[in-house]
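**Student:** Test case, fold it:
(2 chains)
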Amino acid sequence: MGGPSRGGNAVLVACTYLTVLAVLVLPVLLVMVEALRAGLGAAWRSLLDPDALSAIRLTLEVTLVAVIVNTVGGVMAAWLVTKYRFRGRAALVALIELPISVSPVIAGLVWLLLFGRQGWWGDWLDRHHIQIAFATPGILLATLFVTFPYVARTLMPLMEQQGREAEEAAFLLGAGFWRTLWRVTLPDARWALLSGILLTTARAIGEFGAVSVVSGHIPGLTETMPLHIETLYNGYQTVAAFAMAALLALIAMATVLLRSFLEHDFRKASS
Amino acid sequence: MVFCLRRRDGLPGLSISIAFTLVWIGLIVVLPLTALVLRPWQDGGAVMLRVLHDGRMYAALRVSFSCAALAALIDVPLGLLLAWALVRARLPGRRAVDALIDLPFALPTAVTGITLATLYGPTGWIGALLARAGIRVAYTPAGIVVALMFVGLPFIVRAVEPVLRGLPPELEEAGLLLGASPWQNFRRVILPPLLPPLVAGFSLAFARCIGEYGSVIFIAGNQPFHSEIAPLLIVVRLQEFDYEGATAIALILLLSALICMTGVAALRRRVSRGLVARGAA
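**Tutor:** Residues are numbered from 1 along each chain as shown, chains lettered A, B, ... in the order given. Below is the predicted model:
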C-alpha cells in the first residue's frame, strides 16, 4: 500500500486544514461577517448608493475592453510564438511576461509619464482638451498593462504542445489564417483560453495600485470598485466598504472555482 | 534547424500575427516602459543624483526587499506542506483546498488589505489574541510580512505541485525500507528533487511581493524609514507632484528587482545542475 501511515496522514491533514483555515478561510469569513454586521439589507443598500453603482459600472466597462484587447493580442502573440521559429522569440516571450514583475504602482506611473500634465504629450493633449490621465482612458491603460500577460501565458504552453500538424492540414485543405485559427486552433485550446480570460477578468476587476495612481479618485466619476473600497474604508464606512469587498470576494471565489473545474476537465480530456 | 525553419514557414498568418503582436506589445508595454527608462535622465541626470542621496528611498527599498524575502521564505515550508497534502495525503475535501489555494491570486489586493488590517488589528479576531500575548502585528513591519505571505503562498504551491506529482511515491518508501530515519529520508531523498521548484516558487513569490502595494498599505502603518514600502514612496512623491523623483525611484525599484531575479535564476540553475551532477555520480 502506498501513501503515508494512518497516523502520519492524520497529522498531515490536520496541519493542512489548520493552515488553510488560518491563512485562507479566515480572511474570507471576516469579509462576509463584517459586510453583514448591520444586516443583509444595510449591505445591499450600500451597494445601491449612486457612487457605488457608478464604481461598479466603470469597473465593468474597463474590464470588458481590457479583456477583449488582451485576449485578441494574447491569442495572436501565442500563435506567433508557438507556430513559428525565429530569432528573438525568447526575448519576445520575456517581454510578454515582463508586466508580471512590474509593481502595479509603476504600471500606473508610466502612463502619467506619457499622458499626465507633466508628461511627454501632456501639453498637446491639454491644448486639444483630451483627458487621458485621471480619467477613464488612463484607468483602462493601467488595467491593460497589469492584465497584459495572462491569456498569452496560459495559451502558450498548450499551443506549443499541440504542434502545428492540424493547422498545416487545414491550410492544405484550403482554409485561410482566420478560419484555421477559429476552427482548428482555438477549439483545441478552448479550456486554456477560457481559463486565461477568467484570470484576466479577475485581475482587471480587482486592480488597485495601478488604477489608483492614474485615477483622480473622484467618487462617482473615476473610482473603480477597489478604489471605492479604499475611500469608504478610510471614511470609516466599514459596512459599506466590506459589502463592496464581499461582492469582489464572491467574484474572486467564483473565478477560482470555475478555473479549478476547467483545469479538472482539461486534465481528464488530455489523459 | 534550417530545415525546420523552412518547413515552418509554410503556415499562413505570419505577417498578420507579427503585426498584431508588435502593435499590442509596443503600445501597451514597450512605449510606457521606454518613458520610465528615459524620463529620469531628461535633464542630465540631476534628479537621479538627488534621489540617490535620499535616505528615505534606501529605507523604503530595504523594507520592501527584506519583508518580501522574509515572507517568501516563510511561504516555502507552508507551500511545501500544502502541495504535499494535495498530492500525497488522503485529504478529504481536496478539490476545495485545491481551489482555495489560488484565492490570494484572484482576491483584489484592496480587499486583502482591509481584511488583513481588520483581522490583525488591535480588536480583530487574531489581533486581539496576539495583543494579549503582547505582540503587535498591524501597523508594524510584521504586518507587511503577514500581507505578503498571503499574497505569495500560491506561487510556491503551484511551482512544487507538478514536480511532486511526477515523483513516484516508491522513492520515499524505498528510502525508509533501506533504514533511513524519517528526517534522513526527507533530507536525502525527498528534498533534493523538490529544491529547484521550491527556488522557482520562491523567486516568483519574491518578485510579486517586492512590488506589492494594495494588500500592504492598509496594514503597514506607513511610517517613513520604518514601515514605508518603496511602491508607497513612489505614490507619496507623485502626490507631492515630484514626477521626476517618483520616476527615478520607480526605475531603481524595477532595476533592483530585475537584478535580484537574475540572481535567484542563477541560484536555481546551480541547484538543478548540482542535482544532475549528483544523479550522474
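**Student:** Wait, residue A:97 touches residue A:156, no?
**Tutor:** No. Look at residue A:97 against residue A:156 with C-beta atoms under 8 Å: they stay out of range, at 9.6 Å. C-beta here means a position set from N, CA and C on the backbone, and glycine is covered the same way.
**Student:** Comparing the two, which shows the higher neighbour count?
**Tutor:** Neighbour tally, residue A:97 and residue A:156, criterion other C-beta atoms under 10 Å in any protein chain shown: the higher count belongs to residue A:156, 23 against 14.
**Student:** The more buried one: what's its closest spatial neighbour, skipping adjacent residues?
**Tutor:** In space, and not counting its chain neighbours, residue A:156 is closest to residue A:78: 5.0 Å by C-beta to C-beta, 6 or more residues apart in numbering or on different chains.
**Student:** Go ahead and report the secondary structure state at that neighbour.
**Tutor:** helix (DSSP: H, G, I helix; E, B strand; the rest coil).
**Student:** Any regions of the chain where pLDDT drops low?
**Tutor:** All of this refers to chain A. A:1-6, A:268-271 (pLDDT under 70).
**Student:** I was after chain B.
**Tutor:** B:1-10, B:275-281.
**Student:** name the helices or strands packed onto whichever strand or helix holds residue A:66?
**Tutor:** If you go by DSSP states H and E, residue A:66 is part of helix A:50-83. Packing contacts for helix A:50-83, counted by 3 or more C-beta pairs under 8 Å, 6 or more residues apart in numbering or on different chains; DSSP states H and E, involve helix A:40-47, helix A:89-97, helix A:136-146, helix A:150-162, helix A:190-206, helix A:225-234, helix A:238-270, helix B:14-25.
**Student:** what would those look like in CSV with distance to residue A:34?
**Tutor:** Formatted as CSV, the helices and strands packed on helix A:50-83 follow (distance: least, C-beta to C-beta, whole Å):
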stretch, distance to residue A:34
helix A:40-47, 9
helix A:89-97, 36
helix A:136-146, 27
helix A:150-162, 30
helix A:190-206, 18
helix A:225-234, 10
helix A:238-270, 4
helix B:14-25, 40
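**Student:** Can you tell me which of those helices is packed in deepest?
**Tutor:** helix A:136-146 (a mean of 25; mean count of other C-beta atoms under 10 Å in any protein chain shown).
**Student:** Convert the C-alpha atoms of that one to PDB, please.
**Tutor:** C-alpha atoms of helix A:136-146 as PDB (Å, rounded to 0.1, in the frame of the first residue of the first chain):
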ATOM      1  CA  THR A 136     -11.400  56.600 -17.800                       C
ATOM      2  CA  PRO A 137      -8.800  56.200 -20.600                       C
ATOM      3  CA  GLY A 138      -6.000  56.300 -18.100                       C
ATOM      4  CA  ILE A 139      -7.700  53.700 -15.900                       C
ATOM      5  CA  LEU A 140      -8.100  51.500 -19.000                       C
ATOM      6  CA  LEU A 141      -4.500  51.800 -20.000                       C
ATOM      7  CA  ALA A 142      -3.300  50.900 -16.500                       C
ATOM      8  CA  THR A 143      -5.600  47.900 -16.400                       C
ATOM      9  CA  LEU A 144      -4.400  46.800 -19.900                       C
ATOM     10  CA  PHE A 145      -0.800  46.900 -18.600                       C
ATOM     11  CA  VAL A 146      -1.500  44.900 -15.500                       C
END
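**Student:** Go ahead and name everything in contact with it.
**Tutor:** A:58, A:61-63, A:65-66, A:69-70, A:99, A:102, A:104, A:107-108, A:110-112, A:115, A:131-132, A:203-204, A:207, A:210-211, A:213-215, A:222, A:224, B:28-29, B:32 (C-beta atoms under 8 Å, 6 or more residues apart in numbering or on different chains).
**Student:** Just give the nearest non-adjacent residue to residue A:240, would you?
**Tutor:** Per C-beta to C-beta, 6+ apart, closest to residue A:240 is residue A:46, 3.7 Å.
**Student:** which of the contacts of helix A:136-146 are buried?
**Tutor:** Buried subset of the contacts of helix A:136-146 (neighbour count, 16 or more other C-beta atoms under 10 Å in any protein chain shown): A:58, A:62-63, A:65-66, A:69-70, A:99, A:102, A:104, A:107-108, A:110-112, A:115, A:132, A:203-204, A:207, A:210-211, A:213-215, A:222, A:224, B:28-29, B:32.
**Student:** distance of the residue nearest to residue A:240 from residue B:116?
**Tutor:** Using C-beta to C-beta, to the nearest Å, residue A:46 is found at 21 Å from residue B:116.
**Student:** Ok, residue B:50 next?
**Tutor:** 35 Å.
**Student:** got it, and residue A:177?
**Tutor:** Counting by C-beta to C-beta, the gap from residue A:177 to residue B:116 is 48 Å.
**Student:** Looking at the two, which one has more neighbours?
**Tutor:** The neighbour count for residue A:177 versus residue B:116, taken as other C-beta under 10 Å, is higher for residue B:116 (28 against 18).
**Student:** Could I get the contacting residues of the nearest residue to residue A:79 once chain neighbours are set aside?
**Tutor:** Once flanking residues are discounted, residue A:79 sits nearest to residue B:17: 4.9 Å by C-beta to C-beta, 6+ apart. Shown in contact with residue B:17 (C-beta under 8 Å, 6+ apart): A:76-77, A:79-80, A:83.
**Student:** ok, now with 10 Å
**Tutor:** A:75-81, A:83-84, A:177, A:181, B:11 (C-beta atoms under 10 Å, 6 or more residues apart in numbering or on different chains).
**Student:** Let me have those residues in a markdown table, extended by distance to residue B:177.
**Tutor:** Shown next, in a markdown table, are the contacts of residue B:17 (distance: C-beta to C-beta, whole Å):
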| residue | distance to residue B:177 |
| --- | --- |
| A:75 | 51 |
| A:76 | 54 |
| A:77 | 50 |
| A:78 | 46 |
| A:79 | 50 |
| A:80 | 51 |
| A:81 | 46 |
| A:83 | 49 |
| A:84 | 51 |
| A:177 | 58 |
| A:181 | 54 |
| B:11 | 53 |
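**Student:** tell me which of the residues you listed is nearest to residue A:23?
**Tutor:** Set against residue A:23, the nearest of those by C-beta to C-beta is residue A:78 (33.5 Å).
**Student:** wait, the residue nearest to residue A:240 sits on residue A:34?
**Tutor:** No. Counting by C-beta atoms under 10 Å, residue A:46 stays clear of residue A:34, with 11.9 Å between them.
**Student:** And the strands in the stretch 1-150 of chain B?
**Tutor:** In the stretch 1-150 of chain B, no strands are defined using DSSP state E, counting those that start in this stretch.
**Student:** and the gap between the residue in it that chain A sits nearest to and residue B:17?
**Tutor:** Closest contact between the stretch 1-150 of chain B and chain A, by C-beta to the nearest C-beta, is at residue B:108 (2.7 Å). Here residue B:108 is placed at a distance of 33 Å from residue B:17 (C-beta to C-beta).
**Student:** measure the residue nearest to residue A:240 to residue A:168 for me?
**Tutor:** From residue A:46 to residue A:168 the distance is 57 Å (C-beta to C-beta).
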